[in-house]
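Engineer: quick one: sequence plus predicted model below, questions after.
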Amino acid sequence: METQILTTVLVTILSVGALSTIVYLAFAVRNLKRESERSNINLVNFHQDYDAYQVDVDRTLDGLYKDLDTRFDRVYRKLDKKVDEIYTELDNISNHKLQEEVKKCVKHIVLPTDV
């Protein structure tokens, strides 16, 4: 009879231990599943935030590039205008100087009297 009681107690202890282990494993798996879902949601949110950040950076850079292009276009137009003015003035100066030199030379030329 003692062996039956001892066997019953051992079987009961082993059964309770196995059942406790199974319950613990079930809760652990459920918690891991929740954590995995939370991690996936956090990862998706991170990617969405990062994509929004990239779009914002691209828009900002596009605006800056357009602004720079506009400013450089203005500078080049002004520069081209100034260069044209400088060449025109140089032509005028060189023509004026040439005319003055021709006048000086012509003054020194003595025309024959019989012409």
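Structural biologist: Thanks, I have it. No experiment lies behind these values; they were computed from the predicted model shown.

Engineer: where do the helices sit along this structure?
Structural biologist: Assigned by DSSP state H, the chain shows helices spanning 2-108.

Engineer: okay, now the unreliable bits of the protein?
Structural biologist: The chain contains residues with pLDDT under 70 at 108-115.

Engineer: tally of neighbours for V75?
Structural biologist: Neighbour count of V75, defined by other CB atoms under 10 Å: 10. C-beta coordinates here come from the backbone N, C-alpha and C atoms, glycine included.

Engineer: so it versus L68, what's the distance?
Structural biologist: Between V75 and L68 the computed distance is 10 Å (CB to CB, to the nearest Å).

Engineer: now S20
Structural biologist: Applying CB to CB, the value for S20 to L68 is 70 Å.

Engineer: equivalent analysis for H47, please.
Structural biologist: From H47 over to L68 the distance is 31 Å, taken as CB to CB.

Engineer: could you do I22 as well?
Structural biologist: Per CB to CB, I22 is found 68 Å from L68.

Engineer: again, but for V16
Structural biologist: For V16, the distance to L68 - CB to CB - is 77 Å.

Engineer: again, but for V44
Structural biologist: Separation of V44 from L68 (CB to CB) stands at 36 Å.

Engineer: then N31?
Structural biologist: As defined by CB to CB, N31 lies at a distance of 54 Å from L68.

Engineer: again, but for R30
Structural biologist: 57 Å.

Engineer: please apply the same query to R38.
Structural biologist: Distance from R38 to L68, by CB to CB: 44 Å.

Engineer: next one: V102
Structural biologist: 50 Å.

Engineer: equivalent analysis for Y53, please.
Structural biologist: 22 Å.

Engineer: check D91 too.
Structural biologist: Note on D91: its distance to L68, by CB to CB, is 34 Å.

Engineer: and if you look at V55?
Structural biologist: Taken as CB to CB, the span from V55 to L68 is 20 Å.

Engineer: and what of T8?
Structural biologist: Computed as CB to CB, the T8 to L68 distance reads 88 Å.

Engineer: can you check N45 too?
Structural biologist: In terms of CB to CB, N45 sits 35 Å off from L68.

Engineer: kindly report the same for V11.
Structural biologist: Taking CB to CB as the measure, V11 falls 84 Å from L68.
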